[in-house]
Structures are given as structure tokens and as C-alpha cells.
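Undergrad: Task: produce atomic coordinates for the following.
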Amino acid sequence: MTSDNKTPEIKHVAIAGNIGAGKTTLCTQLGKHFGWEIHYESTDNNPYLSDFYNDMQRWSFNLQIYFLNNRYRQIVNIHKGDRTVIQDRTIYEDAFIFAPNLHDMGLMSTRDFHNYRDLFQLMMSQVKAPDLMIYLKADISTLVSHIQSRGRDYEGSMSLEYLKRLNERYENWIKDYTDGNLLIINADDVDFKNNAEDLGKVVNMVQAELHGLFQ
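TA: Next comes the predicted model:
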């Protein structure tokens, strides 16, 4: 398969994974390799993120609505466009990982959570799943190492228990994911950021999945 960002069969590739799994790095690398447009998660210009990590209960609903709105807009624009886009984190993760986790921890009220899920379901009735979902699976030690290496101040107060809860939800969600094509990459076994050979392996895995979509 050759890189062709005008191929109509492939419009939307998305990368899912826990905090620190390497989504943004892989998104950048695959986007450059295949000539895809890259849609990053809004973190640097997110007006709620820092406040959320300082007071999760107060800002959880605001943060989740911001992410939901941002990712829905990305999906709508992907469908409208004529290029292949790779997306850093998915709308599914907000609804099936982060929001229910906050609700179960008592950091989002049941009223807010139901309101959020109703809005998510309405949005998803208007759009379709990614052509290919890439899930970066990672153990807690890998996540912590990546988080520490990037040194974001607002992530400094994140607990191991929080990461473990998220990882459990990711595993439960991904094992039941049937909305589209899925590729699971174990981030514990490959260092695609620093090792060109490992990156090549990942690229070959993605290329094989994309080739299968044309059959």
C-alpha cells in the first residue's frame, strides 16, 4: 500500500490509550509517515485541565463537556473533509473511560453524568466510528515513566490508583469494542519514540491493517 491521503476508503484513524501511553507521539509519527492530517487532543489550550487536577469534583463535568465538544467537532470536520485524518484520543474514551470513572469515584454527580451520557449518545447517532482504531495498551509502570518524562505540572498530583482505575476501564472497554476495525499495540514492548526499528514494526502493523480494509 502506498501513502495516499486522498484514498476515499480511509478517512479516520484514531489512537486510544491511557494517560501516558504514547498517543500523541505515535499520532505524530504515523501522520508524518502516511501523510495524514493530525488532530491532537486539546491539552495545552484547555481552559479546565489545570483546575480539574487541583479540584476534580468541582471541574469534572466542565472538563468532560469540553472534551466531548472538541472531539465531536473533530469528527464532524473529518467527515466533511477530503483527507485522511489521524486523531489523538477518541470520543469513546471520554464516555466509556473518564466520565464513568469520575462518576464512580464520586467526583461527578449522577445528574451531571446522565446529562453527559445523553449528549454523547445524541452526538454518536450523527457520526460513525473510525475506519481504524489503534489501542495503545500499557502497564502502569510504562504510563508513569512517560508521564514523568514529559513533566507536565498538572499531572504531578495524579495518583497511581487513578491510573489503575483508568487502565481497568480501558481493558473492559476495548475487549467489547465492535464498532469498527481494531489494532492493539503493546506499548510496553515497543519504544516507537526512540527506536527506529520499533517504529518500523508499528508502521508495518498499521499498514497491514489498512491493507486489509481494501480487501
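Undergrad: What are the buried residues along the helix of greatest length in the chain?
TA: In the chain, taking DSSP state H as the definition, the longest helix is helix 56-80. By neighbour count, with 16 or more other C-beta atoms under 10 Å as the criterion, the buried positions of helix 56-80 are 56, 59-61, 63-68, 70-72, 74-75, 78. Yep, even glycine has a C-beta here, placed from its N, CA and C like the rest.
Undergrad: Give me the contact list for the helix or strand following it.
TA: Tracing the chain past helix 56-80, the next element assigned as helix or strand by DSSP states H and E is strand 85-88. Counting by C-beta atoms under 8 Å, 6 or more residues apart in numbering, the neighbours of strand 85-88 from elsewhere in the structure are 11-15, 23-24, 27, 30-31, 34, 36-41, 71, 74-75, 78, 130.
Undergrad: Given strand 85-88, what are its sheet partners and their directions?
TA: Each strand paired with strand 85-88, and its direction, by DSSP bridges: strand 12-17 (parallel), strand 37-39 (parallel).
Undergrad: Export those strands as TSV, with columns for mean neighbour count.
TA: Compiled in TSV, these are given as follows (neighbours: other C-beta atoms under 10 Å):
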stretch	mean neighbour count
strand 12-17	26
strand 37-39	17
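Undergrad: Would you mind saying which of these lies nearest Tyr170?
TA: When these are ranked by distance to Tyr170, counting by C-beta to C-beta, first place goes to strand 12-17 at 7.3 Å.
Undergrad: Confidence-wise, which helix or strand of the chain is lowest on average?
TA: The helix or strand of the chain with the lowest confidence, counting by mean pLDDT, DSSP states H and E, is helix 140-150 at a mean of 83.
Undergrad: and the helix or strand harbouring Glu197, average pLDDT?
TA: When elements are defined using DSSP H and E, Glu197 is found to belong to helix 196-213. The predicted model gives helix 196-213 an average pLDDT of 89.
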